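J.: Return atomic coordinates for the entry below.
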Amino acid sequence: MREGPPRAALPRSRDNAPVRELLAYFGIAALVIVTPGQDTALTVRNTLVGGRRAGVRTAAGVAVGQACWTVAAAAGVAALLQQSRPAFDTVRLAGAAYLIYLGMVTLFRPERTRPGSDPGRGSFRQGVLSNLGNPKMALFFLGLLPQFASSFAGLLGLGFLFCSSTFAWLALYAAVVARAGAVLSRTRIRRTLDRVTGCVLVALGVRVAVES
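T.: As a prediction, the model looks like this:
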């Protein structure tokens, strides 16, 4: 039997393209989220001070701060901040000063960082202020989100996915630290943790201050 003429190659389906792009975005976001930084350090500090609830509140504050940067990036406000060096530096230096302040309190006023001294009050606010004081977050969203979305709704959706993933990761961090609280609350270990956490926060603040 004679074979018929060769069939034209069918175009590959592009139905999976959005899924692949979403997975690529989530992979990049996950790598950034799990990398320890100032938000992680602050969550650990507040969990040691006020327990899991304080850590979760800190995580929620961080996520709200990121959501604010998401809206700013999607609306174009963050681009204006990027173009205005004085405004960018003002936000950056304010955020650096806040981190250094929290670190100094941890180092030199340990009575304010003992378990039970602050049962979660202020943890949410600290998470928000810490993240809003990091304008590099706005630059991150400006550089990443437009690669995967172009509409306002799309930018918001991807940004809020990042925020919710950050909250889930930091809340898990808080749960792990709280679970180890009985061991970590021992006097000698606690003093060491105070010194380490305070130094980390101060070092992060200094790094934010000197970065251009």
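J.: hey, C-alpha coordinates of stretch 24-41 in CSV?
T.: Once non-C-alpha atoms are left out, stretch 24-41 reads as follows in CSV (Å, rounded to 0.1, in the frame of the first residue of the first chain):
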residue,chain,number,x,y,z
ALA,A,24,9.5,29.5,36.9
TYR,A,25,8.3,32.5,38.9
PHE,A,26,7.6,30.5,42.0
GLY,A,27,11.0,28.9,41.8
ILE,A,28,12.7,32.3,41.8
ALA,A,29,10.4,33.5,44.5
ALA,A,30,11.0,30.5,46.7
LEU,A,31,14.8,30.9,46.4
VAL,A,32,14.5,34.5,47.6
ILE,A,33,12.1,33.7,50.3
VAL,A,34,14.1,30.9,51.9
THR,A,35,17.3,32.9,51.9
PRO,A,36,17.8,34.2,55.4
GLY,A,37,17.7,38.0,55.8
GLN,A,38,16.4,40.7,58.0
ASP,A,39,12.9,39.4,58.0
THR,A,40,14.0,36.0,59.1
ALA,A,41,16.2,37.4,61.9
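J.: can you pull the buried residues of the host helix or strand of M104?
T.: Assigned by DSSP states H and E, M104 belongs to helix 85-108. By neighbour count on 16 or more other C-beta atoms under 10 Å, the buried set for helix 85-108 is 88, 91-92, 95-96, 98-100, 102-103, 106-107. All C-beta spots, glycine's among them, are computed from the backbone N, C-alpha and C.
J.: What is it packed up against?
T.: helix 38-50, helix 77-83, helix 123-132, helix 187-210 (3 or more C-beta pairs under 8 Å, 6 or more residues apart in numbering; DSSP states H and E).
J.: Now do the third one against helix 187-210, angle only.
T.: What it means is helix 123-132. 30 degrees (axes from the mean of the first three to the mean of the last three C-alpha atoms, to 10 degrees).
J.: in the helix or strand just after helix 123-132, what counts as buried?
T.: The first helix or strand that comes after helix 123-132 along the chain, using DSSP H and E, is helix 136-144. For helix 136-144, the neighbour count (16+ other C-beta under 10 Å) marks 137-142, 144 as buried.
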